[in-house]
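Q: Provide a 3D model corresponding to the input given below.
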Amino acid sequence: MPALSKGRTKVVVLGSHGGQQITRLTGSHLRCGTSLAIEVDGEVTVVDCGCGSVHRLVEAGYDADQVRTVLITHCHADHVAELGSLVGFAWSSGRNGADPDRRLDVHGPTGIADYEAGTKLALRRSIADQEGPLAQVPTFDAFAAWHEIVPPREPVTLIDRPELSVRAVRVQHGAMPSLGFRVATSDVDVAISGDRGAGRDGFAAFAAGADAIVHEVIDRPLVRGVLEGQGTAPSFIDHLVDDHTDAPDVGRVATEAGVALLVLYHLIPANPGIDDQRWIDLVRPTYDGEIVVAHDLQVL
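A: Numbering: from 1, shown residues only. Just a heads-up that it's a prediction; the model follows:
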């Protein structure tokens, strides 16, 4: 039975793989890049757009043009790899004007404006053809509204509608401007960490009282050992292990926030040789609530 979805709200894992190494060793042949879908009455909010997330969205039973909101935690490639694809296909999958009032809002931290400009440049010939000879309406600019926010130390409200409320707060992820989100519907209140190093921001307080935390996790000792054995640059190793949250620290955050459910996603590594029970065992000493290890297309 789903541990989080209820009433009019459905929460689906589109991608549970963490990191920018697309290899079999990291589990990329079984898991797509980080992404969640939150549906309320057929309208979908997508949180992050990792590699493979657009196809996972359709596999989960949704059409791209059902997406009304996209929330981006930060602009590392494993979180925005398919953002341009999602926006483009959400626009062009809209039955060519049958619903000319449909819109898409993209919210993200510093860097999203650059991504918007780059997307429009990369797709300019396709956009021109679709808006011209193919008569696609609304226009691309009228369809997608991009909202960039400097990550705030105190929570701010991005969306406040009866069916969907979204708040955001700064999380610490090295030098990368990054956001954590709290998404609430009439049925569910969930805090989403994005990528963050442990203990250097206010995310635990931000998440206090939520129904659940969806939190990234890294097996820090394992990852450090493997990368050092591969001769990986020390600067990259330090970023990976210091700017992500080790399993015991994830448990501490969930305990401090007082949530009954902790969902582990953005697994580093997502190697299939690491089973769910190992992740649970790594977190259990610091958290005694329910733990779910995310898998692609899982209904939470």
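Q: for the rest of this, base every contact and every neighbour count on C-alpha atoms.
A: Noted.
Q: poorly predicted segments of the stretch 151-300 of the chain, please.
A: Along the stretch 151-300 of the chain, the parts satisfying pLDDT under 70 run over 199.
Q: where does the spatially most distant residue from the centre of the chain sit: helix, strand or coil?
A: The centre of the chain is farthest from one residue, Pro133, which by C-alpha atoms, centre = their mean lies 35.4 Å away. Assigned by DSSP: H, G, I helix; E, B strand; the rest coil, the conformation of Pro133 is coil.
Q: quick one, grab the pLDDT at it.
A: Pro133 carries a pLDDT score of 92 in this model.
Q: which other helices and strands contact the helix or strand hosting Leu240?
A: Assigned by DSSP states H and E, Leu240 belongs to helix 234-242. The contact analysis (3 or more C-alpha pairs under 8 Å, 6 or more residues apart in numbering; DSSP states H and E) places helix 234-242 against helix 220-230.
Q: number of nearby residues for Asp141?
A: Neighbours of Asp141 under the rule other C-alpha atoms under 10 Å: 11.
Q: and it, its phi and psi?
A: Per-residue torsions, Asp141: phi -70, psi -40 (degrees, to the nearest 10).
Q: still on that earlier bit, let me know the angle separating the helix holding Leu240 from helix 220-230.
A: Taking axes from the mean of the first three to the mean of the last three C-alpha atoms, to 10 degrees, helix 234-242 and helix 220-230 form an angle of 160 degrees between their directions.
Q: who's in contact with the residue farthest from the centre of the chain?
A: By C-alpha atoms under 8 Å, 6 or more residues apart in numbering, the contact list for Pro133 is empty.
Q: same deal with Ala142?
A: Arg103.
Q: same check on Asp78?
A: Gly18, Gly19, Gln20, Gly33, Thr34, Cys49, Gly50, Cys51.
Q: out of these, which is nearest to Ala128?
A: When the contacts of Asp78 are compared for distance to Ala128 (C-alpha to C-alpha), Cys49 wins out at 24.5 Å.
Q: and the closest one, which of the three is it?
A: coil.
Q: now for it, how many residues are close by?
A: For Cys49, using other C-alpha under 10 Å, the count is 30.
Q: and what of the one 10 residues further on?
A: For Glu59, the tally of surrounding residues (other C-alpha under 10 Å) stands at 12.
Q: mind giving me the packing neighbours of the helix or strand Val44 falls within?
A: For Val44, the host element (DSSP H and E) is strand 43-47. Other elements packing on strand 43-47 under the criterion 3+ C-alpha pairs under 8 Å, 6+ apart are strand 35-40, strand 67-71.
Q: ranking the ones you listed by burial, who's on top?
A: strand 35-40 (a mean of 26; mean count of other C-alpha atoms under 10 Å).
Q: return the residues in contact with Ile159.
A: Ser165, Val166, Arg167.
Q: mind checking what secondary structure it has?
A: Strictly by three-state DSSP, Ile159 counts as strand.
Q: how close does it get to Gly202?
A: 21 Å (C-alpha to C-alpha, to the nearest Å).
Q: pretty sure Glu39 sits against Thr45.
A: Yes - taking C-alpha atoms under 8 Å as the definition, Glu39 is a contact partner of Thr45 at 6.3 Å.
Q: how about the helices of the stretch 201-300 of the chain, start to end?
A: Assigned by DSSP state H, counting those that start in this stretch, the helices in the stretch 201-300 of the chain fall at 203-207, 220-230, 234-242, 247-257, 276-283.
Q: cool, the stretch 51-200 of the chain as well?
A: Using DSSP H, counting those that start in this stretch, helices in the stretch 51-200 of the chain cover 53-59, 77-80, 83-92, 112-122, 124-131, 140-143.
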